[in-house]
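*Asks:* Make a model of this:
(one chain, ligands or ions: 1)
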Amino acid sequence: MNSQRKEIGVGVVGFGTVGTGTVRLLLENAEHLRKRVGIPIRLVRVADLDLSRDRGIRLPEGVLVSDGMQVAGDPAVQIVVELVGGTGAAKDYLLAAVKNGKSVVTANKALLAECGPEILKAVVSAGVDIGFEASVGGGIPIIRTLREGLAANRIRAIFGIINGTCNYILSRMTREGRPFADVLEEAQKTGLAEADPSFDVDGIDTAHKLAILVWLATGGHVPLKEIFVEGIREIAPQDIAFAKEFGYTIKLLAIAKEKGTGIEVRVHPTMIPSHYLLATVDGANNAVYVKGDFVGSSLSVGQGAGMLPTASAVVSDVIEIARNLRKGSSGRIPPSGFFLSDPAARIEVAPFHQVSCEYYLRIHVVDRPGVLSRIAGVLGHHQISISSVLQKGRGESAVPIFIVTHRAKESDMRSALAEVDRLPDVLDRTRMIRIENNL
Ligand code: HSE
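*Replies:* Residues are numbered from 1 along each chain as shown. Reported below is the predicted structural model:
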C-alpha cells in the first residue's frame, strides 16, 4: 500500500566539501528531484560545528545547526545523510539516526569497511535503508552496478583504480618523468592531495573501498587486516621509464579475484599493459573493471572524488530511499544486494603468499662480471624463471638491472629477494612491482 507522504525530509550532517555539494544539489535541482520521486525532497536540517563559514549557499532560516544529534533525532527528517567522515562521531550520528527509525546515506568508506557488520545489523533490525553509493568511485555508480545491474552474475574478478590522489600522482609521474615526492608536494599545494596524504598514498583508502566492492560482489565481509596493502611511495621514475619502454603503465590497483582457495584481495602498484582501457584512465579519474560469469567484462569510468560528482552519488541514494519511503517499501534491496547472507558473514581470503603473477624487479648492483648470473642463480633456485633482463648504464660503480620474470609465487619471490639482497654485489633493497597481464 502506498504511504500518504506529501514530502520527504532530509537532514545532512557535515557541511564540508561533499556536504556543500549535496546541499547545493538538493536546493538547485529540487524541482528535478520532485519529478524523479513524485513528491518534494525538502532539506530540513544541516549540521556542522562551523556555523560561520561562508559556503556560498543561502540556507533557509533555522536549517543550520551545530549538533549532528539534532538531525538524527528530528521528527521532520526521514533520511539522514552522514558526511562527517571517520569512524568516531560519524558512527554515533549514523547509529542514532537508525535507532530513531531513519534511513541513512553515507559516503564514509572507512566506517563501512571497519564497522560494516555492526552498522548493517543495526540497519536491518531497524528495517530502514542505507545508501552508500558515494563511498566508492565518487560519481561512478559502481555500487548500484554491482548490486543491481550485474546482480545476475557471479563476479569473478574486480580490478579498480579507486583512489584519485594516487592515480593523479602516478599519471603525472608517467607524463613528466618526475619523482613521487615532487609531484605529491605540488598536488598538496593545489589541494589535490591532503596535507597528510598517507591514507591515500599508502593504499589504505583503496583497501577500504575494495572491502566494500568485495562485500557487494560476494555478500561477505573481508576483514581489513586480511587485505594485502602496498602504496605508491616507492615508485621511482626509473620504474615508470622501464614500464613505458616495455609497454606497461603503473597503476595502484585494487584487485579481487576468485581463486580455488578463496578470494585474492589485494592493493598494490601494478604494471598493466598500456593498451588496456584501464591503463588509459588518467588523472584523478577512477575506474572499476568487473568480470562477471555471464556479462563478461565491463568498465565504469568517471570522476572519483570532488564536491559535485560525490554529491551526485549521495543524492542518487537519497532519491532511491525517498522512492522507497513514498511507496512504503524500505528494505526492498538489502544493503549487500544479497537477501540470503548473514550481514556479518565473512569471506574466505586466499593467503597472499599463494598469489602468483609476473614480477618486475629493479636491482641496484655493482657492475662487474658474474653479477647477473649470481642473481639468476638465486631466482632459479626459488623456481623463478626470467622472461627479460635489461641493464642501463655501464662501467659506473652502480647500475640498475631490470628483470621481468615469468609467473611465480609470492612466497617464492619473497624468499628469493631476501637472498638476492644479501648478495655482496647488491647495493640496495630490490624494488618489485607485480604485473597483471590477464585482465
Ligand atoms: N581521497 C580519495 C581519493 C577521495 O583520492 O580518491 C575520496 O574517496
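*Asks:* does Arg42 sit in a helix, a strand or a coil?
*Replies:* strand (DSSP: H, G, I helix; E, B strand; the rest coil).
*Asks:* tell me the contacts of the residue of the chain positioned farthest from its centre?
*Replies:* Ranking residues of the chain by C-alpha distance from their mean position (CA atoms, centre = their mean) puts Pro369 at the top, at 45.7 Å. For Pro369, the contact set (CB atoms under 8 Å, 6 or more residues apart in numbering) is empty. Glycine gets a C-beta too; all of them are placed from N, C-alpha and C.
*Asks:* and if you look at the one 10 residues further on?
*Replies:* With contacts taken as CB under 8 Å, 6+ apart, Leu379 has the following neighbours: Ser385, Ile386, Ile403, Thr405, Ala416, Val420.
*Asks:* which secondary structure element contains it?
*Replies:* helix 371-381 (DSSP states H and E).
*Asks:* Ile143 too?
*Replies:* If you go by DSSP H and E, Ile143 is part of helix 142-144.
*Asks:* list the helices and strands that helix packs on?
*Replies:* Judged by 3 or more CB pairs under 8 Å, 6 or more residues apart in numbering; DSSP states H and E, helix 142-144 is in contact with helix 204-218.
*Asks:* pLDDT on the following helix or strand past the helix it packs on, on average?
*Replies:* Per DSSP H and E, the first helix or strand lying C-terminal to helix 204-218 is strand 228-229. Averaged across strand 228-229, pLDDT comes to 98.
*Asks:* Over to stretch 111-128?
*Replies:* On average, stretch 111-128 scores 93.
*Asks:* Can you tell me what sits against that stretch?
*Replies:* So stretch 111-128 is in contact with 82, 86-87, 90-91, 94-95, 98-99, 101-104, 106, 129-130, 132, 135, 207-209, 211-212, 215, 221, 224, 330-331, 334-336, 343-344, going by CB under 8 Å, 6+ apart.
*Asks:* if we can go back for a sec, list the strands paired with the helix or strand that the helix holding Leu379 is followed by, with their directions.
*Replies:* Sequence-wise, the next helix or strand downstream of helix 371-381 (DSSP H and E) is strand 386-391. Counting by DSSP bridges, the strands paired with strand 386-391 are strand 398-405 (antiparallel).
*Asks:* For the partner strand, buried residues please.
*Replies:* Val399, Pro400, Ile401, Phe402, Ile403, Val404, Thr405 (16 or more other CB atoms under 10 Å).
*Asks:* and the next helix-or-strand element following it, what other elements does it pack with?
*Replies:* Downstream of strand 398-405, the first helix or strand assigned by DSSP H and E is strand 408-409. For strand 408-409, the packing partners by 3+ CB pairs under 8 Å, 6+ apart come out as strand 356-366.
*Asks:* And the pLDDT at whichever residue of the stretch 201-350 of the chain sits closest to the ligand?
*Replies:* Distances between the stretch 201-350 of the chain and the ligand by CB to the nearest ligand atom are smallest at Ala305, namely 3.6 Å. Looking at Ala305, its pLDDT reads 90.
*Asks:* Please name the residues that touch it.
*Replies:* Here Ala305 is in contact with Gly138, Gly164, Thr165, Ala284, Asn286 (CB under 8 Å, 6+ apart).
*Asks:* Please apply the same query to Leu95.
*Replies:* Ile119, Ala122.
*Asks:* Same list, the contacts of Leu379, but as a markdown table with pLDDT and distance to the ligand please.
*Replies:* Shown next, in a markdown table, are these (pLDDT from 0 to 100; distance: CB to the nearest ligand atom, whole Å):
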| residue | pLDDT | distance to the ligand |
| --- | --- | --- |
| Ser385 | 97 | 37 |
| Ile386 | 97 | 36 |
| Ile403 | 97 | 32 |
| Thr405 | 98 | 31 |
| Ala416 | 98 | 34 |
| Val420 | 98 | 34 |
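*Asks:* tally of neighbours for Gly10?
*Replies:* Wrong residue type there; residue 10 is Val, not Gly. A total of 29 residues lie near Val10 under the criterion other CB atoms under 10 Å.
*Asks:* Spell out which helix or strand contains it, please.
*Replies:* Using DSSP H and E, Val10 sits in strand 8-13.
*Asks:* Can you give the strand pairings for that strand, parallel or anti for each?
*Replies:* According to DSSP bridges, strand 8-13 has the following sheet partners: strand 41-47 (parallel), strand 79-82 (parallel).
*Asks:* Other residues contacting the first one?
*Replies:* In this case it means strand 41-47. Here strand 41-47 has contacts from 7-15, 19, 23, 26-27, 30, 33-34, 59-60, 63-68, 70-71, 74, 76-77, 318-319, 322, using CB under 8 Å, 6+ apart.
*Asks:* mean confidence for it?
*Replies:* Strand 41-47 comes out at a mean pLDDT of 98.
*Asks:* I'd like the next helix or strand past it.
*Replies:* Following strand 41-47 in sequence, per DSSP H and E, is strand 64-65.
*Asks:* Quick check: what element follows that next one along the chain?
*Replies:* Defined by DSSP H and E, the subsequent element after strand 64-65 is helix 68-72.
*Asks:* Just the buried residues of that following helix, please?
*Replies:* Buried residues in helix 68-72, counted by 16+ other CB under 10 Å: Gly68, Met69, Val71, Ala72.
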